[in-house]
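Peer 1: Next come a sequence and a model predicted from it.
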Amino acid sequence: RSIGGPNTDILHQSDANRITSFKRWSRAEEVIIVVSLNNTAFSNGYVIEKDALAIPGGLWKEVFNSDAAIYGGWNVGNQSAILASSPGRFNVVVPAAGFLVFVKQ
């Protein structure tokens with residue numbers, strides 16, 4: 001699977017917001033991982049921007065949220081939704097001090 005493969009691209013890094021995101025991929029799958037070390041959630045969304053090759057337009061399903069209630073969290077996130085990205089831009093709700101995993105559909 002792509003999460004264990006050798007291909008990695010850092011999509012975004014912000015010291016001020018304490019957010020980083022990266023993409024892992026294989027021939028069969030693309031995954032975007034968003035990590036927040038911020039003590040405040042981005043409940044209204046956080047925009048990750050990079051070139052259109054790095055973030056292609058398409059649909060991404062949230063497959064993991066470390067802030068889900070099942071893990072003792074507050075359920076701040078995208079509720080396992082399928083979100084659309086436009087070329088070079090992906091907007092997601094990010095929990096405080098948590099991480100999210102999205103798989104390209």
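Peer 2: Looks like it came in fine.
Peer 1: give me the number of residues near Val101?
Peer 2: Number of residues near Val101 (other C-beta atoms under 10 Å) recorded here: 18. Using the backbone N, CA and C atoms, a C-beta is placed for each residue, glycine as well.
Peer 1: average model confidence for the helix or strand hosting it?
Peer 2: Mapping Val101 onto the secondary structure by DSSP states H and E places it in strand 99-104. For strand 99-104, mean pLDDT rounds to 98.
Peer 1: Check Ser85 and give its pLDDT.
Peer 2: Value for Ser85, per-residue pLDDT: 99.
Peer 1: now it, what's its secondary structure?
Peer 2: strand (DSSP: H, G, I helix; E, B strand; the rest coil).
Peer 1: and it, what does it touch?
Peer 2: Ile55, Pro56, Gly57, Gly58, Leu59, Trp60, Asn91 (C-beta atoms under 8 Å, 6 or more residues apart in numbering).
Peer 1: measure the residue nearest the centre of the chain to Arg27 for me?
Peer 2: For the chain, the residue nearest the mean C-alpha position is Val34 (3.6 Å; C-alpha atoms, centre = their mean). Using C-beta to C-beta, to the nearest Å, we find Val34 at a distance of 23 Å from Arg27.
Peer 1: For Ala69, what are phi and psi?
Peer 2: phi -60, psi -30 (degrees, to the nearest 10).
Peer 1: again with Asn91
Peer 2: phi -110, psi 120.
Peer 1: correct me, but it touches Val47?
Peer 2: Yes: here Asn91 reaches Val47: they are 4.9 Å apart, a contact under C-beta atoms under 8 Å.
Peer 1: of these two, who's got more company?
Peer 2: Using other C-beta under 10 Å as the criterion, Asn91 and Val47 rank with Asn91 on top: 16 against 10.
Peer 1: which ones are touching that one?
Peer 2: Counting by C-beta under 8 Å, 6+ apart, Asn91 has contacts Gly45, Tyr46, Val47, Ile48, Leu83, Ser85.
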